[in-house]
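# The following block contains a protein sequence and its predicted model.
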Amino acid sequence: MVRHGETDWNRDNRFQGHADVPLNDDGRSQVRALAERLACESFAAAYTSPLRRAAESAEILAAALGVDVHPSEALREVDVGSWSGLTVAEVEARYPEGFARWADWRCEGWHDGETYEDFSRRVVGGLREIAAPHPGEHVVAVTHGGPIRVALAVALGLSLDAVRGRVAVLENCATVRIAVRDGAFERVD
């Protein structure tokens, strides 16, 4: 699993959620550098969140790896509702109670977005669907920090809040290797 390259909203520390924000020039450079590092590996396909920042990252990677890209709604970031586009400081000022819940990693703080429970079900089910036609093969799933944390939580047998406490921030173009075997998730180093 690969987190997309940097966007201006990442740089500004804004919640993106379902907002369709493009990569910036640094983000494109990050993805090209990752493609060079992955070029010696063999992949059967690339899957991507349909959001532009991930899809553009996937296209750059896929071109370098010589694979086709398949969009997957399951890889879309969590919907943060009215927090989308706001900086952390703006959310804290406008939604102090929700921000406090979110900052404690206990649950989502927004009242009008996607619940972590629904989000987790979507991501886990989608990753199983992506893995099913690729037994014994490697694929690249280009996505966002949230779906990667969900996969890590399942692979490590932890709750999402526990993983969020351990892996609070995933850098742009971070990679995490997850195996899905017979529907079970396992972290691969």
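That came through fine. Numbers count the residues shown, from 1 in each chain.

# quick one: buried residues of the worst-scoring helix or strand of the chain on mean pLDDT?
Within the chain, confidence by mean pLDDT, DSSP states H and E is lowest for helix 160-166 among all helices and strands, at a mean of 80. Of all the residues in helix 160-166, those buried under the rule 16 or more other CB atoms under 10 Å are Leu160, Val163, Arg164. C-beta here means a position set from N, CA and C on the backbone, and glycine is covered the same way.

# next one: stretch 65-77
Residues Leu65, Val67, Val69, Ser72, Ala74, Leu75, Arg76, Glu77 are the ones in stretch 65-77 that count as buried (16+ other CB under 10 Å).

# can you pull out the strands in this structure?
For the chain, strands defined by DSSP state E occupy the ranges 2-3, 45-48, 69-71, 139-143, 178-181, 184-187.

# possible to save those as CSV with mean pLDDT?
Shown next, in CSV, are the strands of the chain (pLDDT from 0 to 100):
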stretch, mean pLDDT
strand 2-3, 98
strand 45-48, 98
strand 69-71, 98
strand 139-143, 98
strand 178-181, 96
strand 184-187, 96
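
# re the thing from before, on contacts alone, who are the packing partners of the least confident helix or strand of the chain?
Applying 3 or more CB pairs under 8 Å, 6 or more residues apart in numbering; DSSP states H and E, we find helix 160-166 packed against helix 145-156.

# From Arg177, how far out is Val139?
11 Å (CB to CB, to the nearest Å).

# Tell me which of these two has more neighbours.
Using other CB atoms under 10 Å as the criterion, Val139 and Arg177 rank with Val139 on top: 18 against 12.

# which residues does the more buried one bridge with?
Under DSSP bridges, the beta-bridge partners of Val139 are Ala45.

# residue boundaries of the helices in this protein?
Using DSSP state H, the helices of the chain run over 8-11, 25-38, 52-65, 88-94, 96-103, 116-131, 145-156, 160-166.

# hey, C-alpha coordinates of the shortest one in CSV?
Going back to what we said before, that points to helix 8-11. Output of helix 8-11 as CSV, limited to C-alpha atoms (Å, rounded to 0.1, in the frame of the first residue of the first chain):
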residue,chain,number,x,y,z
ASP,A,8,-0.7,21.7,-1.1
TRP,A,9,-3.4,20.8,1.5
ASN,A,10,-0.9,18.3,3.0
ARG,A,11,1.6,21.1,3.2
